[in-house]
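>>> Provided below for reference: sequence and predicted model.
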Amino acid sequence: MKVSRLVSIIMVLLDKERISAQELANMFEVSKRTIYRDIDAINMAGIPIYSTSGVGGGFEIMKNYKMDSKVFSTTDISTILTGLSSLSNMMQSNELVNALAKVKSFIPVDRADEIKLKTDQIHIDLNQWIGYRNVQAYLEIIKIALQENRLLSFEYADRHGNKTKREVEAYQIVLKGNHWYFQGYCFKRNDFRLFKLARISNLKLEEIFFTPRNYQKPLLDFTDILSTIQIKIKLRIHKSVMDRALDYCKYEDFSRDGDEYYIVTFPFIENDYYYNILLSFGDKCECLEPLHIRTELKRKIYEIANLYEN
């Protein structure tokens with residue numbers, strides 16, 4: 001039983017007058033039986049949930065019930081506030097403002113300073129330092145499409161810069177690493193696709209509604225796949241690029257080579273993306289082995305140098 005799901009169910013019940021077990025099951029992607037167990041657990045925690053059967057029935061918090069602030073611990077409230085605050089940086093909406101206000105209403109006066117201290121100990125800012133700035137506006141458009149089951153249209157650039165026009169049913173927003181995506185059914189490909197927001201332009205919310213279809217969440221964990229295609233290469237890097245290299249490997253993969261350099265065991269896949277990572281280190285990085293990757297890097301460097309010769 002996930003505590004985070006119980007807290008989320010309470011928040012949903014506070015926001016809605018009544019909601020069915022099936023709606024909750026769909027929302028949290030669990031079975032109705034799990035939802036019934038969760039409701040029992042919430043009741044046992046002292047929050048009276050009233051159930052009605054039949055058409056239009058469902059669960060609701062008993063009217064005139066005031067949430068006991070002791071239901072949530074200091075850690076519970078500060079964790080929820082941290083999560084909601086981080087989202088509010090990217091997705092400004094009345095729903096988030098209302099949710100933040102409700103959570104803050106649970107804070108007892110005698111614990112306000114302690115909770116503020118714990119909340120301030122973690123700051124999550126999902127805004128980028130520089131670069132692509134349409135993310136927030138596009139997230140708001142996609143969120144409306146998700147809520148209202150409306151089609152999205154946009155132009156999408158592949159990794160070579162070729163653009164195609166797309167019409168897509170949106171199903172899920174995804175934050176993976178430091179990049180935003182959304183999962184949707186693409187009519188051009190007649191299949192579900194994961195779209196990177198940075199590659200989208202001219203995003204429009206269409207006045208065309210759709211009936212949601214069954215879909216599977218995108219595969220986001222490539223650990224097993226990477227283990228079969230990744231190899232380890234040996235690099236010699238200058239200490240000035242160590243910070244960037246740590247984005248791809250662990251500190252334990254570094255060993256000193258004099259005062260200025262490190263020898264690094266670096267995870268590598270033989271494709272343009274990974275070769276470009278190495279080339280982006282410039283003259284601060286040398287591939288020592290294996291020989292065929294070192295040779296391919298020399299060829300690519302020669303092509304770059306030849307480009308400037310001409």
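Received it, and whenever you're ready, just let me know what you need.
>>> buried set for the helix or strand where L146 lies?
Of the helices and strands defined by DSSP states H and E, L146 is found in helix 135-148. Within helix 135-148, the residues scored as buried using 16 or more other CB atoms under 10 Å are 135, 138-139, 141-143, 145-146. The C-beta positions use only the backbone N, C-alpha and C, and glycine is treated the same way.
>>> nearest to S51, of those residues?
L146 (28.2 Å; CB to CB).
>>> all helices for the stretch 1-150 of the chain, in order.
In the stretch 1-150 of the chain, the helices defined using DSSP state H, counting those that start in this stretch lie at 3-15, 21-28, 32-44, 74-90, 94-105, 112-120, 135-148.
>>> Export the buried residues of helix 135-148 as TSV, with columns for pLDDT and distance to H238.
Converted to TSV, the buried residues of helix 135-148 look like this (pLDDT from 0 to 100; distance: CB to CB, whole Å):
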residue	pLDDT	distance to H238
V135	78	33
Y138	89	38
L139	86	38
I141	92	43
I142	91	41
K143	87	44
A145	92	47
L146	89	46
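>>> and M44, how many neighbours?
The number of residues packed near M44 is 8, by other CB atoms under 10 Å.
>>> Pairing partners for the longest strand along the chain, with directions?
Identified as the longest strand of the chain according to DSSP state E is strand 163-176. When pairs are called by DSSP bridges, strand 163-176 turns out to pair with strand 150-157 (antiparallel), strand 179-186 (antiparallel).
>>> hey, least reliable of those by pLDDT?
Looking at those, the lowest mean pLDDT belongs to strand 179-186 (a mean of 89).
>>> just the CA coordinates of it, formatted as PDB?
Extracted C-alpha coordinates of strand 179-186, given in PDB (Å, rounded to 0.1, in the frame of the first residue of the first chain):
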ATOM      1  CA  HIS A 179      13.600  16.700 -20.800                       C
ATOM      2  CA  TRP A 180       9.800  16.900 -21.200                       C
ATOM      3  CA  TYR A 181       7.900  14.600 -23.400                       C
ATOM      4  CA  PHE A 182       4.300  13.600 -24.000                       C
ATOM      5  CA  GLN A 183       2.900  10.200 -25.000                       C
ATOM      6  CA  GLY A 184       0.200  10.200 -27.600                       C
ATOM      7  CA  TYR A 185      -1.400   8.300 -30.500                       C
ATOM      8  CA  CYS A 186      -0.100   9.700 -33.800                       C
END
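>>> Quick one: distance of that strand to the chain centre.
Remark: strand 179-186 is offset 11 Å from the chain centroid, using CA atoms, centre = their mean, to the nearest Å.
>>> And the contacts of that strand?
Contact partners of strand 179-186, identified using CB atoms under 8 Å, 6 or more residues apart in numbering, comprise 135, 138-139, 142, 152, 166-175, 191-198, 213, 215, 217-218.
>>> Buried residues, that strand. List them.
Using 16+ other CB under 10 Å as the test for burial, strand 179-186 gives 180-186.
>>> and of these, the nearest to C287?
Within those, proximity to C287 (CB to CB) peaks at Y181, which comes in at 31.1 Å.
>>> And for T164, the neighbour number?
12.
>>> Give me the nearest residue to it, chain neighbours excluded.
Y156 (5.7 Å; CB to CB, 6 or more residues apart in numbering).
>>> what are the bridge partners for that neighbour, then?
Beta-bridge partners for Y156, by DSSP bridges, are T164, I200.
>>> coming back round to it: what subset of the contacts of strand 179-186 is buried?
Using 16+ other CB under 10 Å, the buried ones in these are 135, 138-139, 142, 152, 166-171, 173-174, 192-198, 218.
>>> what about R37, neighbour count?
Per other CB under 10 Å, the neighbour tally for R37 reads 13.
>>> swap that for H160, please
When counting by other CB under 10 Å, one arrives at 5 neighbours for H160.
>>> List phi and psi for it.
When quoted as degrees, to the nearest 10, the phi and psi of H160 stand at phi -100, psi 0.
>>> mind checking pLDDT for it?
At H160, the predicted lDDT confidence score is 74.
>>> which residues does the residue nearest to T164 contact?
Neighbouring residues of Y156 by CB under 8 Å, 6+ apart: 163-166, 195, 199-200.
>>> now do 10 Å
Listed by CB atoms under 10 Å, 6 or more residues apart in numbering, the contact partners of Y156 are 162-166, 168, 186, 188, 193, 195-196, 199-203.
>>> For F187, see how far away it is.
From Y156 across to F187, the span is 12 Å (CB to CB, to the nearest Å).
>>> next one: S201
18 Å.
>>> just I277 next, same as before
Distance, I277 to F187, by CB to CB: 34 Å.
>>> More neighbours: which of the two?
I277 (17 against 13).
>>> And the more buried one, its phi and psi?
Main-chain dihedrals, I277, degrees, to the nearest 10: phi -60, psi -50.
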